[in-house]
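> Build me a model from this:
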Amino acid sequence: MAKIAKVHEQFLMKPKLEINDMQNVLPLDDNKKLAVTCRVESGCLGPDGLNYIDDFCHFAQAELQKSDSDYVVWTVVHREDKTLAEIQYGLLGKILNDHKADKYLSIFGQTLDDFEAYISDRLEVLIRQFMSNIVKS
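Presented below is the predicted three-dimensional model:
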């Protein structure tokens, strides 16, 4: 437990921790994981998207939680307020800017750009998957 706290204490100070250091502390406690909030607009589900957005968010969150769950907690919500970012990062109850999120991800050998590309690609696949089930119904 002390080792996990030390890793999180150092992640903002140290440019990059060795991946081998992290192997001993995974999976992290939920409160020490990167909180990733994805806000999805109903329009991405087509003209009737408003009818499906809540179900899609539950579906997508469950599917995303299967990925990187050792160090990420996913939340997928309807993006009703367009002034809020599509993707928001947090840690220990605080919102992280992109630079700090990138530093956190670097601990796990990832960059923010690659991580966001992964999210975008994954959401695109999940939308197609979800909508194909809607059409079949």
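> What score does the spatially most central residue of the chain have for pLDDT?
The centroid of the chain falls nearest to V36 when counting by C-alpha atoms, centre = their mean (3.4 Å). pLDDT recorded at V36 is 97.
> just K16 next, same as before
Per the predicted model, pLDDT is 44 at K16.
> Likewise for Q10?
Reading off the model, Q10 has pLDDT 46.
> How about L28?
88.
> Surely it touches D70?
Yes. Using C-beta atoms under 8 Å, L28 is in contact with D70, at 6.6 Å. All C-beta spots, glycine's among them, are computed from the backbone N, C-alpha and C.
> before we move on, back to that, wait, the residue nearest to the centre of the chain touches W74, no?
Yes. Using C-beta under 8 Å, V36 is in contact with W74, at 5.5 Å.
> which strands and helices sit next to the helix ranked longest in the chain?
Ranked by residue count under DSSP state H, the longest helix found in the chain is helix 112-136. Here helix 112-136 touches strand 34-40, helix 53-64, helix 98-106, going by 3 or more C-beta pairs under 8 Å, 6 or more residues apart in numbering; DSSP states H and E.
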